[in-house]
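**Q** Compute the structure for the input listed below.
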Amino acid sequence: MASIRCQGLSKQYRLEARESYKALRDVIASAAAKPFRQVRAHQNGHGKIDNRQSAIGNNFIWALEDVSFTVERGEILGIIGRNGAGKSTLLKILSRITQPTRGEAFIDGRVGSLLEVGTGFHPELSGRENIYLNGAILGMRKAEIERKFDEIVAFAEVEKFVDTAVKRYSSGMHVRLAFAVAAHLDTEILLVDEVLAVGDADFQSKCLRKMGDVTRAGRTTLFVSHNMEAVARLCPRALLLDKGRLAESGPTSEVITRYLHSGFGLLAEKSWSSQNMAPGDDVVRLNSVRIRNEAGKTQQILDSSQPIGVEIGYCARQSVSNLAAEFVVYDGDGNLLFTSANQYEEGLMAPHKLGNYLTTCWIPGNLMTEGTFFVRVSIVELQVPIKTHVFEENILVFQVVDKMNGNSARGRIAHNYPGLIRPRLDWHTSFMGE
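**A** Down below sits the predicted model:
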């Protein structure tokens, strides 16, 4: 049974203008005058409202346009896309903060929203008072807040400061308390917008664990985030919004792959049908590069516990000695993680015959931490000085996620390990006696 069903949702905003909010008397007066406006519009030959607005042209922008989808009861759906794609607008419509210009949204169940963490907090009030105030704003009943009060305070880690004015809180304490209130809503449907983008790393991990608890409790959840690892871990299915339109819907791994392609212009595989167009020179040119799994298939999103293959195909156009293929892996922040080359492989330092070669390097499982990674590929001639024939930055992109299956380096530990890599190393413990 569907909890959310959207049909043709569209939202148009007027540029450089705020959306008006009407009082009850304005609504009543507008309803009473509506029949007379329709008669005048018909007499003047005007069409529908949408047509009049579209005729104005550049004064309007469609934040959402003809978006349709269904979310089943108990499902967690990821929503991804670039900034300005319409993700927050969609959640605001579903939260009834704003109305759609066209289309309909059917919602079956009580809705809780984590759209702007901390909205409604008053700096002069204490943490205790703000819990009750913010809980009421979010739709919690007083009895519900009282029942969950201790749990909220413990989650936010502000026990010592609960009776202190919020204006004296650090920004981290403020965010923790705001999220704690919102995360303990008792709702059938939860709408979450980028809550993991705030706070320090430990708090973000704590938020992620809480989100996991919410999904396991069977709530219907719409989860908007730029954190692809979190989306991949929490959401079996995802939507991709692009410029207000629904660009992709399906299994999360496929949707994230589409997003990475559109966002970075990079793939997990690239090949060249014409040697004249391929990177390189008169000595060596690339044929293909790709990220592959153990089964030999190209794969862009990989489990952290599984080995990752970097495959490089190249063509030797002249006989050349001491030729080495190499790659460099960078993380999403541009940090160089490591370099690897096939220079130690037996026989490769002898003269290369003319023809095509395919070399593969395996990054072992349980080495990479979660994240998005970029690959630079080069082919060099090992001499003094080194002669470079191929040098291609950011030619491949792949993503590592943790499937929480207990086989990764993280194991049963819920938080992310700090560091650029996360190797699973052997440990041996012995009992030495009392």
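
**Q** shaky segments in the stretch 251-400 of the chain?
**A** Within the stretch 251-400 of the chain, the segments meeting pLDDT under 70 span 261-266, 333, 346-349.

**Q** Now do the helices in it.
**A** 252-264 (DSSP state H, counting those that start in this stretch).

**Q** what about the strands in it?
**A** Using DSSP state E, counting those that start in this stretch, the strands found in the stretch 251-400 of the chain span residues 269-271, 284-292, 301-303, 308-316, 323-331, 336-341, 355-363, 371-381, 387-401.

**Q** Tabulate those strands in CSV, adding columns for distance to N59 and mean neighbour count.
**A** Where you see a C-beta, it was placed from the backbone N, CA and C, and this is true even at glycine. CSV is the format used below for the strands of the stretch 251-400 of the chain (distance: least, CB to CB, whole Å; neighbours: other CB atoms under 10 Å):
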stretch, distance to N59, mean neighbour count
strand 269-271, 42, 14
strand 284-292, 46, 21
strand 301-303, 41, 21
strand 308-316, 50, 21
strand 323-331, 43, 20
strand 336-341, 48, 14
strand 355-363, 52, 14
strand 371-381, 38, 21
strand 387-401, 39, 19
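
**Q** mind checking which of those is nearest I256?
**A** strand 301-303 (6.0 Å; CB to CB).

**Q** Can you spell out which helices and strands pack onto that closest one?
**A** Secondary-structure packing of strand 301-303 (3 or more CB pairs under 8 Å, 6 or more residues apart in numbering; DSSP states H and E): helix 252-264, strand 387-401.

**Q** hang on, the earlier thing: columns distance to R14 on top of the strands of the stretch 251-400 of the chain, output as TSV?
**A** TSV is the format used below for these (distance: least, CB to CB, whole Å):
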stretch	distance to R14
strand 269-271	43
strand 284-292	45
strand 301-303	40
strand 308-316	49
strand 323-331	42
strand 336-341	47
strand 355-363	51
strand 371-381	37
strand 387-401	38
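
**Q** Which phi and psi values does L191 adopt?
**A** Backbone torsions for L191, taken as degrees, to the nearest 10, come to phi -110, psi 120.

**Q** gap between it and V289?
**A** 40 Å (CB to CB, to the nearest Å).

**Q** Mind listing the residues bridging to L9?
**A** V67 (DSSP bridges).

**Q** what's the neighbour count on it?
**A** The tally of other residues near L9 (other CB atoms under 10 Å) stands at 24.

**Q** Who are the contact partners of it?
**A** Contact analysis of L9 by CB atoms under 8 Å, 6 or more residues apart in numbering lists 64, 66-68, 90, 93, 100, 102-105.

**Q** Now do the end-to-end distance for stretch 306-326.
**A** Length of stretch 306-326, first residue to last, CA to CA, to the nearest Å: 21 Å.

**Q** whoops, I mixed them up, stretch 312-332
**A** 22 Å.

**Q** beta partners of S288?
**A** With DSSP bridges as the rule, S288 is bridged to S271, G313.

**Q** heads up, I number from 9, so please use that
**A** New numbering, starting at 9: the last item is S296.

**Q** returning to what we had before: between the strands of the stretch 259-408 of the chain, which gets nearest to S11?
**A** strand 395-409 (26.0 Å).

**Q** roughly how far is the closest one from the heart of the chain?
**A** 23 Å (CA atoms, centre = their mean, to the nearest Å).

**Q** you'd agree K156 is up against L193?
**A** No: K156 is beyond contact range of L193, at 9.2 Å (criterion: CB atoms under 8 Å).

**Q** Stretch 162-176: how far from the chain's middle?
**A** 31 Å.

**Q** end to end, how far does it reach?
**A** First-to-last distance for stretch 162-176 - CA to CA - comes to 19 Å.

**Q** Which residues does it contact?
**A** So stretch 162-176 is contacted by 129-136, 138-139, 161, 177, 181-182, 184-185, 187-188, 191-192, 214, 218 (CB under 8 Å, 6+ apart).

**Q** show me what contacts the nearest residue to H397 once chain neighbours are set aside?
**A** Once flanking residues are discounted, H397 sits nearest to V292: 4.1 Å by CB to CB, 6 or more residues apart in numbering. Residues counted as contacts of V292 (CB under 8 Å, 6+ apart) are 322-325, 328, 331, 387, 397-398.

**Q** same deal with G321?
**A** When contacts are counted by CB under 8 Å, 6+ apart, G321 touches 279, 294-297, 364-367.

**Q** Try it again at 6 Å.
**A** 295-296, 366 (CB atoms under 6 Å, 6 or more residues apart in numbering).

**Q** from these, which single one is nearest R13?
**A** Looking across these and measuring by CB to CB, the closest to R13 is S296, at 44.0 Å.

**Q** related to what we said a few turns ago, what's the closest of the contacts of V292 to G143?
**A** V398 (59.8 Å).

**Q** residues in contact with the closest one?
**A** Counting by CB under 6 Å, 6+ apart, V398 has contacts 287-288, 294, 386-387.

**Q** same thing with V200?
**A** For V200, the contacting residues are 122, 231, by CB under 6 Å, 6+ apart.
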